[in-house]
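Engineer: would you be able to build a 3D model of this:
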Amino acid sequence: MTAATGVLDIKLARAFAMLDVDADGNLREEDLLALSNRLAAAFDMSSDATKIARLRASFTQLWAHDLSTMDADDDGRLDQAEFIAGMRKAAANDREGLLQRLSVMVDAWMDICDTDGNGLINEDEFQTMYIKSLGASPADLKVAFAKLDTDSDGTLGRDEIRRATEEYYTSEDPKAPGNWLFGNL
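Structural biologist: The predicted structure follows:
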């Protein structure tokens, strides 16, 4: 394994750990739906069922089309090795489709996190999003926000988040800004 390949595997392992909401070492659709509930709670979105339903639908689509097909032993759940191998395969075989489904999820996620409705994520919204829904480190997120803010305007736009998501899940480049999507590796 090359150093660059190792970086992608580290990122995918980290994503797996964050998505595995119940921390049982397996990823199921229920983990993704629980994550949407955490995000809704982090932003007190209990009164906006439409935004939560949209995020849940994006997770359900991602599970049905991509993640469930990665279940090599057909036991109804993904372990970390299946997730890493499956994400690599999905990116190789249907990169545009995978990125489109991730983009739908990013848009739904941002609609919840964008509390002032300006279409941008500021640093406070970014911190709230990752600390309260994924348990990320505040110190790492401060640096991550600066790395992801590629136009240095103090906010993250949809294009910056989409690009970071693409780099995080597909890039072998150890210096890609998207490597910081969930904080420091």
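
Engineer: drop to CA atoms for contacts and neighbour counts, all remaining ones
Structural biologist: OK.

Engineer: got the buried residues for stretch 169-181?
Structural biologist: With burial defined by 16 or more other Cα atoms under 10 Å, the residues of stretch 169-181 counted as buried are Tyr169, Thr170, Ser171, Glu172, Asp173, Pro174, Pro177, Gly178, Asn179, Trp180, Leu181.

Engineer: dump the residue contacts of the first one.
Structural biologist: Taking Cα atoms under 8 Å, 6 or more residues apart in numbering as the criterion, Tyr169 is in contact with Leu8, Lys11, Leu12, Met87.

Engineer: how about the third one?
Structural biologist: Residues in contact with Ser171 (Cα under 8 Å, 6+ apart) are Leu8.

Engineer: farthest-apart pair in the contacts of Tyr169, please.
Structural biologist: For those, the farthest-apart pair by Cα to Cα is Lys11 and Met87; their separation is 11.0 Å.

Engineer: which of the helices and strands in this structure ranks last by mean pLDDT?
Structural biologist: helix 3-19 (a mean of 84; mean pLDDT, DSSP states H and E).

Engineer: ok now it, how far from the chain's centre?
Structural biologist: Counting by Cα atoms, centre = their mean, to the nearest Å, helix 3-19 is centred 12 Å from the centre of its parent chain.

Engineer: kindly report the same for stretch 65-82.
Structural biologist: Taking mean C-alpha positions (Cα atoms, centre = their mean), stretch 65-82 and its chain are 17 Å apart.
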